[in-house]
Every structure is written in structure tokens, then in C-alpha cells.
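1. here's a sequence, model it:
(one chain, ligands or ions: 3)
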Amino acid sequence: RAPGKIILAGEHAVVHGSTAVAAAIDLYTYVTLRLPLQSDENNDRLTLQLKNLSLEFTWSVARLKEGIAYDSSNVSPSTPASCSSQTLKSIAVLVEEQNIPEAKIQLSSGISTFLWLYTSVLGFIPATVIITTELPYGSGLGSSAAFCVALTAALIASSSSDKTRGDGWSSLDETNLELLNKWAFEGEKIIHGKPSGIDNTVSAYGNMIKFCSGEITRLKSNMPLRMLITNTKVGRNTKALVSGVSERAVRHPEAMNSVFNAVDSISKEVAAIIQTKDEMSVTEKEERVKELMEMNQGLLESMGVSHSSTDTVIQTTHKHKLTSKLTGAGGGGCVLTLLPTLVSGTVVDKVVQELESSGFQCFTASIGGNGAEICF
Ligand SMILES: Nc1ncnc2c1ncn2[C@@H]1O[C@H](COP(=O)(O)OP(=O)(O)O)[C@@H](O)[C@H]1O
Ligand SMILES: C[C@@](O)(CCOP(=O)(O)O)CC(=O)O
Ligand SMILES: [Mg+2]
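-> Numbers count the residues shown, from 1 in each chain. Ligands and ions are numbered 1, 2, ... in the order given. Model prediction:
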């Protein structure tokens, strides 16, 4: 299993080299891998089951071998590599053959990613892969990264020699974590186009991290951080939003560089405040984080990735003196609201009631938990 995440500061700008701060949340994607016995019927097929959606896709191993055009000299499980555009095209044909319902067409990139990661790490062997998730798809909570990380964890674990059964969840060792994170990043590339790598990294390693151009700093929080997560349920696609920001940066390079630099300073300050020990009271820290979230939201608006549904959440929470910002790619999706320690339960209940009456879904999640884990 691998967790989803929230981005406290720095989404989008992180794709352009700025710092961002993210934390794992206790909502997971689970991947079960079943390798068939020789005697099993159907032991020549690769089957993918998406349990939440009651969808199943299946290919004969022979069809995969014939259909996936790749240069096997370039692909080895221990050296993660990008899927070439030619290979991706051949995989897309195999995905199209599955006749995905039109309403679920966004899954195509996830299924292509599945075929690329599976065949690259395990090769052309039959199996049944069952996916369940507690994360909403395409809402900014990193379902794409959790999917790539959990899948790769299962694939890597299946070749482990030490399969002690029934011991519960355990982490992977550092070498395998690093390998898994690299493969998951290659998967994210298929789904996002140009990911920064923050989502797969926080999903793989867990906790709370500061991330800048691939450099990871694990953060130790010294303040209680409670966030209300509001899913506006407005669907969007990370790939389109990320490329929209890049296009804006091409049109206005100087202005957008200033925006990205401002976000970099905000994220660094957020990370510093979260880690500060005694110099500041909790209330003071919360006030600072609140202000930085507000500034970050303003800059996300100037990148063109906010949405009217996000504005509704911001206005509703503002009436109760609470501050919100979008999280993840924006364009709808999820919004974070900081719940300071002194805010009363009655106020939170009222805010939740108002947000839910606008058709949104609210929940809280525990922040900064474990990353990818395996279980035999
Ligand atoms: N459990 C899953 N099974 C299959 N594909 C998935 C799963 N989770 C995510 N995906 C893929 O990731 C896409 C959503 O990723 P993205 O747009 O980055 O949003 P987010 O990562 O915020 O949820 C889905 O449309 C699908 O292609
Ligand atoms: C917008 C971005 O910063 C985060 C995207 O997160 P999500 O896929 O919306 O959960 C992109 C990235 O960092 O790869
Ligand atoms: Mg994503």
C-alpha cells in the first residue's frame, strides 16, 4: 500500500524548480499481486482489476509480447528508464483494445502506466493485479502517485527472497525504496507529462518532506497541524493544468519566474516554522502558516490554476476566520483549511455543514504517517 498526500505549499512552482512542502496522509491505495500456479486455468493472462470501479482489463501474455514495442536491451528492473514515445504508442493500442467506457477515459493513462511498470519490472509473466483505493481520483491528493508507488512496491516485493507471511505491514529497505521511487516517477511521467517527483517521493517515504529539484529533506514537525480537506468534486486533470502553467511561463518568463521565486520563499518559510521548537508559541506559528497559505493561494491564482469552487471554499471558511488554499494541481479538486488548535468544534461543525450544503465533501486526515509498505 502507498499513501496519498497533501501539498502544504509549493505545488506547480515545484515543477519549475521551487521548493515545496508535502505530507503523507492516512488514505491509501492497495495493490494485491497474485502470481498463478502452473495448474491454474488462465495462467497465460495478465489481469488488472480496479475494484472501486468494478472494472477488469485482461491481456494474454502473448498479445503483450507481440504488442509492446520495446528495446529490451534498454529495460532492466534495476535501472528505471523512461517509456519512449514509440513504446507508449504501442501500449496505448493495447489499452484502446480494452474499450474503456467513455466516462472513464481518464483511466487510460493509469492503465498505460500499469502496463509499462509491470512489464518493465516483472517482464511478460501472467498475474492478477487487484487495486483498491481510499483516494478520490484526480482530486489533488496524489492518487496517481500512490497508484504508481503501491504497484511498484508490489512488483519489487514479489521478487524478494524473504517473504515472511502474516507479519503485517513492513517498509522496504533503503535500496528498494530508492528503486521504487525512481520507477514510480517514470510512471508519474506517463500520467502527468512533467511531474516534479514530489508526489511519488512523499508517497514512497511518508512523513513530511521539503522537496526541491529532486532533493528531499525530511521534516520533523514541532506543531500540531490539523487540516480540513474539502473535495469540491470538480474533476480535472493534472497533466493539463501542469502544461497550462508551463505555457504561461513561456509567454511571461520574467513575471512567472518572480511568482515561482515567491513560492520558493513561502515554502521555505513554512518548513522553517513547522520545525521551529521553542522560539514561537503555537498560536504565533499558526498565524504565520495561515498568512503563508493565503499568499501561496494568491500566487496559484496568478498561475491560473485556481477555480470558482475553490473560491467558494475560501469565502465560506473565511467567514469563520479560517484560511484555505488549494492543494495539488487545482482546477477544482481538493482545498486545505488550517484548523488552528483553538478553533472550537462547534465552528468546525458549522463550516463543514456549510461546505457540504454547497455539494462539497469534507474530511480530516492524519498527516505525516508511513510511506509505502508491503505485506505477504
Ligand atoms: N487506483 C488507480 N487505478 C488506476 N489508475 C489510477 C488510480 N489512481 C490514479 N490513477 C490514474 O491517475 C489519474 C489521476 O491522476 P492525477 O490527474 O494526477 O490526479 P491525482 O494524482 O491528484 O489524483 C487517473 O485518471 C488515472 O489515470
Ligand atoms: C501540480 C503538482 O505540483 C502536484 C500535482 O498533484 P496531484 O496530481 O494533483 O495530486 C505537479 C507535480 O509536482 O508534479
Ligand atoms: Mg497526480
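2. show residues contacting stretch 342-355.
-> Contacts to stretch 342-355, defined as Cβ atoms under 8 Å, 6 or more residues apart in numbering, come from residues Leu228, Thr230, Thr283, Val313, Thr316, Thr317, His320, Leu322, Thr337, Leu339, Cys362. The C-beta positions use only the backbone N, C-alpha and C, and glycine is treated the same way.
3. put the buried members of these into a PyMOL selection.
-> To isolate the buried members of the contacts of stretch 342-355 in PyMOL, using 16 or more other Cβ atoms under 10 Å:
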select buried, resi 228+230+313+316+317+322+337+339+362
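4. mind checking which of the contacts of stretch 342-355 are in strands?
-> Using DSSP state E to define strands, the subset of those located there is Leu228, Thr230, Thr337, Cys362.
5. farthest pair in those residues?
-> Farthest-apart pair in these is Thr337 and Cys362; separation 8.7 Å (Cβ to Cβ).
6. need the overlap of contacts for these two.
-> The contact lists of Thr337 and Cys362 share Leu228, Ile229, Thr230, Val351, where a contact means Cβ under 8 Å, 6+ apart.
7. save these as JSON lines, and put in distance to Thr276 and pLDDT too.
-> Formatted as JSON lines, the shared contacts of Thr337 and Cys362 follow (distance: Cβ to Cβ, whole Å; pLDDT from 0 to 100):
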{"residue": "Leu228", "distance to Thr276": "23", "pLDDT": "98"}
{"residue": "Ile229", "distance to Thr276": "25", "pLDDT": "98"}
{"residue": "Thr230", "distance to Thr276": "28", "pLDDT": "98"}
{"residue": "Val351", "distance to Thr276": "28", "pLDDT": "98"}
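8. show me the two of those that sit farthest apart.
-> So, the shared contacts of Thr337 and Cys362 by Cβ to Cβ: farthest apart are Ile229 and Val351, at 12.4 Å.
9. host element of the closest residue in space to Arg63 that isn't next to it in sequence?
-> The shortest distance from Arg63 to any non-neighbouring residue, by Cβ to Cβ, 6 or more residues apart in numbering, is to Leu94 (7.2 Å). Under the criterion of DSSP states H and E, Leu94 resides in helix 85-96.
10. quick one: that helix near ligand 1?
-> No - judged by Cβ under 6 Å from any ligand atom, helix 85-96 stays clear of ligand 1, getting no closer than 10.4 Å.
11. and that helix, which residues are buried?
-> Thr87, Leu88, Ser90, Ile91, Leu94, Val95.
12. smallest gap between this protein and ligand 3, at which residue?
-> Ser144 (3.3 Å; Cβ to the ion).
13. how about the residues of the stretch 151-300 of the chain by ligand 3?
-> When proximity is defined as Cβ under 5 Å from the ion, the stretch 151-300 of the chain approaches ligand 3 at Thr238.
14. what segments of the stretch 151-300 of the chain are helices?
-> For the stretch 151-300 of the chain, applying DSSP state H, counting those that start in this stretch gives helices covering 174-192, 198-205, 238-251, 253-275, 282-303.
15. tell me the most buried of these?
-> Neighbour counts (mean count of other Cβ atoms under 10 Å) averaged over each of these peak at helix 198-205, with a mean of 30.
16. any idea which of the ones in strands among the contacts of stretch 342-355 is closest to ligand 1?
-> Ligand 1 lies nearest to Thr230 out of the ones in strands among the contacts of stretch 342-355, by Cβ to the nearest ligand atom, at 14.4 Å.
17. may I have the beta-bridge partners of the closest one?
-> Judged by DSSP bridges, the bridge partners of Thr230 are Val335, Cys362.
18. you'd agree it is up against Ser358?
-> No - the pair Thr230 / Ser358 is not scored as a contact, 9.3 Å apart, by Cβ atoms under 8 Å.
19. spell out which residues of the stretch 101-250 of the chain are next to ligand 2.
-> Contacts of the stretch 101-250 of the chain with ligand 2, taken as Cβ under 6 Å from any ligand atom, map to Gly140, Leu141, Gly142, Ser144, His192, Pro195, Ser196, Ile198, Asp199, Thr238, Val242.
20. mean confidence for stretch 49-58?
-> Mean pLDDT, computed over stretch 49-58, is 97.
21. same question for stretch 283-301.
-> Averaged over stretch 283-301, pLDDT sits at 97.
22. any idea how far that stretch is from the chain center?
-> 22 Å (Cα atoms, centre = their mean, to the nearest Å).
23. stretch 77-94 now?
-> Using Cα atoms, centre = their mean, the offset of stretch 77-94 from its chain centre is 21 Å.
24. now do the end-to-end distance for that stretch.
-> 22 Å (Cα to Cα, to the nearest Å).
25. low-confidence ranges in the stretch 151-300 of the chain?
-> Along the stretch 151-300 of the chain, segments meeting pLDDT under 70 span 161, 164.
26. can you do 90?
-> For the stretch 151-300 of the chain, the stretches flagged by pLDDT under 90 are 159-168, 278-279.
27. filter the residues of the stretch 101-250 of the chain next to ligand 2 by proximity to ligand 1?
-> Subset of these in contact with ligand 1: Gly140, Leu141, Gly142, Ser144, His192, Thr238, counting by Cβ under 6 Å from any ligand atom.
28. excluding chain neighbours, what is closest to Val270?
-> Ala9 (4.5 Å).
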